Structures are given as structure tokens and as C-alpha cells.
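K.L.:
Here is my input, please return the structure:
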Amino acid sequence: MSDFKQAIQWLGEGKKVRRSSTNNKEWYIFLSEEIGEEGFVCLHHTINFEPKLWSQSIDMLEATDWEIYEEKKESLSEGFELFFYSQEEVKAQIKTCEGNHVQQVAYSSYHDAITQICFGCKKIRTSLKKEDLNKK
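P.N.:
As a prediction, this is how the structure comes out:
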């Protein structure tokens with residue numbers, strides 16, 4: 001566990017961070033590519049995977065229980081793991097892997113969703129909703 005200074009460094013590396021003491025285990029913050037009204041890079045948080053602009057408190061900034069957020073995953077055959085993200089988060093992961101790994105990216109206009117298959121990370125990242133995958 002670390003302080004907020006370390007959390008900022010992790011955010012700069014493209015990781016998601018959260019406080020270990022939070023009651024909502026799906027809550028985390030991430031660095032957005034969106035530029036705020038005053039020209040600042042925005043930090044967003046998510047509740048139930050819906051991104052929202054994050055406004056911090058003194059308690060958050062002084063906390064020493066920051067950790068890297070490990071998203072829930074589902075195992076697939078051939079060693080690939082499936083991750084569900086927002087479109088913004090999938091795009092950030094694509095940029096992280098670009099030039100480092102072989103990857104394939106597809107966009108579904110029907111679902112308005114983007115999916116990345118990264119052969120280096122052995123991860124499938126998608127903005128599809130879980131319930132859409134179960135429909136025929």
C-alpha cells in the first residue's frame with residue numbers, strides 16, 4: 001500500500017488505482033485523455049463501471065492505503081482472459097500495448113463497442129456489456 005504520490009505515478013503508467021479501505025470493491029480512479037475546462041487532465045472514477053469526474057478530498061490525498069486496482073476477469077480457453085471496460089479505458093489499453101504487442105481491434109457499430117485482443121498480454125478487453133455477450 002502506498003501514498004497518493006505513488007498512486008499518481010501508477011496513474012501516469014496507465015494503471016487504475018483505488019484505496020484498499022473502500023467499501024465498493026469496484027471503485028477505482030483512472031487517468032482520462034479528456035482535458036477539463038481549465039486545461040487540466042481529468043481523473044475519473046467509476047462506480048459499476050460508469051466513468052464519472054473524480055473530485056478528491058483531503059482524506060483521499062493524505063491516505064496511505066492506495067493500491068493498483070485489479071479488475072475482475074473471466075478465464076477463456078487458450079490462456080486469454082476477458083475484461084470489461086468503458087470505451088475510453090479500452091482505447092487507453094490499446095495505446096499502452098501499441099508497438100509493444102501484436103493486437104487486433106474491432107469496433108461494432110451495432111453495439112457501439114470496441115474490443116481489443118492483445119496477443120502479448122493474452123487479454124481481451126471490450127466495452128461490450130456482459131449481457132450482450134449472452135444474446136444470440
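K.L.:
helix or strand for Ala92, which one?
P.N.:
Ala92 is part of helix 87-97, with elements assigned from DSSP states H and E.
K.L.:
so for the following helix or strand past that helix, what's the average pLDDT?
P.N.:
Beyond helix 87-97 on the C-terminal side, the first helix or strand identified by DSSP H and E is strand 103-108. Strand 103-108 shows a mean pLDDT of 93.
K.L.:
Each with direction, which strands does strand 103-108 pair with?
P.N.:
If you go by DSSP bridges, strand 103-108 pairs up with strand 113-118 (antiparallel).
K.L.:
Can you give the distance from the helix or strand just after the strand it pairs with to the centre of its chain?
P.N.:
Later in the chain than strand 113-118, the nearest helix or strand by DSSP H and E is strand 123-126. Taking CA atoms, centre = their mean, to the nearest Å, one finds strand 123-126 lying 11 Å from the centre of the chain it belongs to.
K.L.:
counting contacts, what elements does strand 123-126 pack onto?
P.N.:
Helices and strands touching strand 123-126, as assessed by 3 or more CB pairs under 8 Å, 6 or more residues apart in numbering; DSSP states H and E, comprise strand 81-84, helix 87-97, strand 113-118. Heads up, the C-betas are built off the backbone N, CA and C, glycines and all.
K.L.:
try 10 Å
P.N.:
Secondary-structure packing of strand 123-126 (3 or more CB pairs under 10 Å, 6 or more residues apart in numbering; DSSP states H and E): strand 81-84, helix 87-97, strand 103-108, strand 113-118.
K.L.:
Return the distance of the helix holding Ala92 from the chain's centre.
P.N.:
Counting by CA atoms, centre = their mean, helix 87-97 comes out at 8 Å from the chain centroid.
K.L.:
same deal with stretch 56-69?
P.N.:
Centroid separation between stretch 56-69 and its chain, computed with CA atoms, centre = their mean, is 18 Å.
K.L.:
Quick one: mean pLDDT over it.
P.N.:
The average pLDDT within stretch 56-69 is 83.
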